[in-house]
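S.K.: My questions concern the predicted model and sequence given below.
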Amino acid sequence: MEKNRNFLLAMVLSIAVLVGWQFLVINPRMADSEQAATTPGDPATGAQGSLQSETVPAGTPQEQALAPAGRESIPQPAAQVDTLTREAALAASPRLPLDTPSLSGSINLVGARLDDVRLKQYHETVDDSSPTIVLLSPESAGQDGYFAEFGYVGQNIGELPGPNTPWQTAEGQTLTPGTPVTLTYTNAQGIAFTREIAVDPNAMFTITDSIANTGEGAVSLQPYGRVVRHSKPQVASAWVVFEGLIGYLGDSGLNEVTYAKIEEEGRVTPAQTTTGWLGITDKYWATALVPDTNVPFQPGFRFSSDNGSRYQTEYLSEALTVQPGETRELLTRAFAGPKIVSLVDGYQDSLSIPEFSRLIDWGWFRFLTRPLFYVIDWIYHFTGNFGVAILVVTVLLKLFFFPLANKSYKSMAKMKNVQPRLAELREKFADDRMKQQQEMMRIYKEEKINPAAGCWPVLVQIPVFFALYKVLYVTIEMRHAPFFGWIQDLAAPDPTSLFNLFGLVPVTLPHFLMVGVWPILMGITMFVQMKLNPTPPDPTQQMIFTWMPILFTFMLAAFPAGLVIYWTWNNFLSIIQQSVIMKRNGAKIELWDNIRSVFRRSGKEA
């Protein structure tokens, strides 16, 4: 019995670690970020939803020292003298409009950059009248600068397409899924570049470059691509989701470089490869490049603090030789959009992009997290509500684990029936703990009782709890997904609070006092479930199990509402299941007796 209690306490403490991290670390970070977002700043920096600047010195000399020997280096942007608002930066260069069912914005004809992308279907808040999410912005927008670019480097062959190249295109064109656009540029040495940019209805750009050598001698040039960002995400990253520089690169597999790591090291250079992708990922959005797989390329991640902070994911391909009169073609792709599970999975399969689904951080337990999401998503297509889908999945899990739970609750019923005999043993051998344990084990063996059986329902719930927490936290499908009533975002905490009478008192409360309806229901069901079992004889354990529901009510109040709804519903089903099974096995349901004893004991103490 002692081992059983210790094991149960260990399981509860493992959940408490997760809860404590959310309550004590993640929530204060989010609160600080919200405060920073609402604090007026320099109007010249513009406003791009989810970005802030944080600079760590690195410097251009360090970058030059770390450049691979014997290779051309990717051209870096010139020092920015003036920082413009986003609107002014967009107006400062010629542009080609972009319009798809999912994206809006424009392409910068100087450098042919993807530096103006808005996500039409996603808003900053649950209010559909709030601004849509800005993903990419021009470099001259200062801290908001975030863009993707393709170009070439080479020696003694004139100016090649790069950051400042003035591309030409026919007037009146708009890039849409049905109408790709063509850009042209010819340098003084007679090398003609033609770039066709196409986009699908979602978030994938296809860039087809043709290089025609109309000169008299062979030329050699190296294609490059890069994603550059001038600041980190404004909402502080949590351990449960990766945000930063990312790439899946051939034999080296998945490379995840955090902002802190790249700031410290300055540059990270994975091995050369011929397959893969790389970019920068946020919690819900990403920008990624897919180089031409016919040309080996050298990937890299870098950080510099000149001209503000700059986080960069890049690749430099091996040199292409173009003979006089010859034309070479390259096909590259760029993803800029939301990390929708079906979307990234579809690109992985249809475009043969290796492990592109790893853009979504499923975590170490992806073998459990991904299937759980797919089941929830499949049920959602029938119910039309992710909250209802979570409730249905909880029922399915209960049915799946019913044999285990049935066996566990039967063993608990037998345990209750032998409680009088165990009490006699504790009195009889009060001074001989060894003999007491031996006699208890003898009774367990005679009655075919497994002392650890009662831990299995808790043990089974823990991996599901972690998996659902991950699904709610990292999948964009859960972002701003409503349930019913006041729950309009399953990925956010319950917005109500007991301490302002659920909105009746117009007062702003600190985060730790935001204890809403669903956390309170969770605490009540947790309290009732614990009181189905006999009161532990140890006073310390009595105190722990009495106060635990209250503690968890406050802690889980900061968790996504979807997770609290799951736990509440799971507790409710467990109460019914445990009561029915134990009653059928002849065990007395001591719920009301235990609850009365709590209040009776509290009254005596008062």
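M.R.: Right, received. Where do you want to start?

S.K.: where in the chain is pLDDT low?
M.R.: Residue ranges of the chain with pLDDT under 70: 1-72, 77-82, 234-239, 307, 450-458, 533-542, 585-606.

S.K.: Can you give me the domain assignment for it?
M.R.: 2-15+377-605, 40-73+147-361 (automatic domain parsing).

S.K.: looking at those, which is closest to residue 128?
M.R.: Taking C-beta to C-beta, domain 2-15+377-605 is the member of those nearest to residue 128, at 9.3 Å. All C-beta spots, glycine's among them, are computed from the backbone N, C-alpha and C.

S.K.: about what we covered before: make TSV out of the domains of the chain and add mean neighbour count and distance to residue 83.
M.R.: Shown next, in TSV, are those (neighbours: other C-beta atoms under 10 Å; distance: least, C-beta to C-beta, whole Å):
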stretch	mean neighbour count	distance to residue 83
domain 2-15+377-605	17	30
domain 40-73+147-361	18	5
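
S.K.: Among those, which comes closest to residue 107?
M.R.: Using C-beta to C-beta, the nearest of those to residue 107 is domain 40-73+147-361, at 6.5 Å.

S.K.: SS state for residue 134?
M.R.: Look at residue 134: counting by DSSP: H, G, I helix; E, B strand; the rest coil, its state is strand.

S.K.: Neighbours of it, how many?
M.R.: 23 (other C-beta atoms under 10 Å).

S.K.: Tell me what it is bridged to.
M.R.: Under DSSP bridges, the beta-bridge partners of residue 134 are residue 118.

S.K.: quick one on the thing from earlier: of all the domains of the chain, which lies closest to residue 121?
M.R.: Across the domains of the chain, closest to residue 121 is domain 40-73+147-361 (C-beta to C-beta), at 7.7 Å.

S.K.: May I have the strands that pair with the helix or strand containing residue 197, each with its orientation?
M.R.: Assigned by DSSP states H and E, residue 197 falls within strand 191-199. Using DSSP bridges, strand 191-199 pairs in its sheet with strand 181-186 (antiparallel), strand 204-213 (antiparallel).

S.K.: Which residues does the longest one contact?
M.R.: In other words, strand 204-213. Outside of strand 204-213, the residues that reach it under the criterion C-beta atoms under 8 Å, 6 or more residues apart in numbering are 114, 150, 152, 190-200, 219, 221, 223, 320, 322-337, 347, 351.

S.K.: and the next helix or strand after that strand, what does it pack onto?
M.R.: Going down the chain from strand 204-213, the next helix or strand is strand 219-229, by DSSP H and E. Applying 3 or more C-beta pairs under 8 Å, 6 or more residues apart in numbering; DSSP states H and E, we find strand 219-229 packed against strand 146-153, strand 204-213, strand 276-281, strand 285-290, strand 310-317, strand 320-322, strand 327-338.

S.K.: After strand 219-229, heading C-terminal, what element do we hit next?
M.R.: Assigned by DSSP H and E, the successor of strand 219-229 is strand 232-233.

S.K.: Sheet-wise, list the partners of that next one with their directions.
M.R.: strand 51-52 (antiparallel).

S.K.: Distance to residue 254 for the helices and strands packed on strand 219-229 - can I get that in TSV?
M.R.: What follows is those, written out as TSV (distance: least, C-beta to C-beta, whole Å):
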stretch	distance to residue 254
strand 146-153	20
strand 204-213	20
strand 276-281	10
strand 285-290	13
strand 310-317	14
strand 320-322	28
strand 327-338	16
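
S.K.: Switch the domains of the chain over to JSON lines; also include distance to residue 96.
M.R.: Shown next, in JSON lines, are these (distance: least, C-beta to C-beta, whole Å):
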{"stretch": "domain 2-15+377-605", "distance to residue 96": "28"}
{"stretch": "domain 40-73+147-361", "distance to residue 96": "6"}
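
S.K.: which residues sit against stretch 174-183?
M.R.: 96-101, 107, 109, 112, 167-170, 173, 194-201.

S.K.: repeat that for 7 Å
M.R.: 96-100, 107, 112, 167-169, 173, 194-201 (C-beta atoms under 7 Å, 6 or more residues apart in numbering).

S.K.: got it, and stretch 369-376?
M.R.: Under C-beta under 7 Å, 6+ apart, the answer for stretch 369-376 is 341, 362-363, 386, 389-390, 393, 467-468, 470-471, 475.

S.K.: what do you get if the cut-off is 6 Å, keeping everything else the same?
M.R.: 362-363, 389, 393, 467, 470-471, 475 (C-beta atoms under 6 Å, 6 or more residues apart in numbering).

S.K.: Pull that stretch out as PDB, backbone CA atoms only.
M.R.: Taking Å, rounded to 0.1, in the frame of the first residue of the first chain, the C-alpha atoms of stretch 369-376 are listed here in PDB:
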ATOM      1  CA  THR A 369       1.200  13.500 -30.500                       C
ATOM      2  CA  ARG A 370       0.600  13.300 -34.300                       C
ATOM      3  CA  PRO A 371      -1.900  10.400 -34.200                       C
ATOM      4  CA  LEU A 372      -3.800  12.100 -31.400                       C
ATOM      5  CA  PHE A 373      -4.100  15.200 -33.500                       C
ATOM      6  CA  TYR A 374      -5.200  13.300 -36.600                       C
ATOM      7  CA  VAL A 375      -8.000  11.600 -34.600                       C
ATOM      8  CA  ILE A 376      -9.100  14.900 -33.200                       C
END
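
S.K.: How far off centre is stretch 332-345?
M.R.: Its chain's average C-alpha position is 15 Å from that of stretch 332-345, according to C-alpha atoms, centre = their mean, to the nearest Å.

S.K.: Endpoint to endpoint, that stretch covers what distance?
M.R.: End-to-end distance for stretch 332-345, by C-alpha to C-alpha, to the nearest Å: 19 Å.

S.K.: again with stretch 319-336
M.R.: 27 Å.

S.K.: got the angle between the strand holding residue 197 and strand 146-153?
M.R.: 150 degrees (axes from the mean of the first three to the mean of the last three C-alpha atoms, to 10 degrees).

S.K.: contact partners of strand 191-199?
M.R.: Contacts for strand 191-199 (C-beta under 6 Å, 6+ apart): 100, 112, 161, 175, 180-186, 205-214.

S.K.: And stretch 293-301, by the same measure?
M.R.: Contacts of stretch 293-301 (C-beta under 6 Å, 6+ apart): 245, 247, 249, 257, 262, 268-270, 272, 274-275, 278, 291, 313-318.

S.K.: ditto for stretch 493-511
M.R.: 27, 31, 486, 513-518, 558, 561.

S.K.: let's see it at 7 Å
M.R.: So stretch 493-511 is contacted by 27, 31, 486-487, 513-520, 557-561, 564 (C-beta under 7 Å, 6+ apart).

S.K.: Where strands are concerned, which of those residues count?
M.R.: Among the contacts of stretch 493-511, DSSP state E puts none in strands.

S.K.: Name the residues that touch stretch 572-584?
M.R.: So stretch 572-584 is contacted by 394-395, 398, 405-406, 409-410, 412-413, 457, 525, 528-529, 532, 589 (C-beta under 7 Å, 6+ apart).

S.K.: Among those, which one sits closest to residue 253?
M.R.: Once C-beta to C-beta is applied, the member of these that ends up nearest residue 253 is residue 394, at 34.8 Å.
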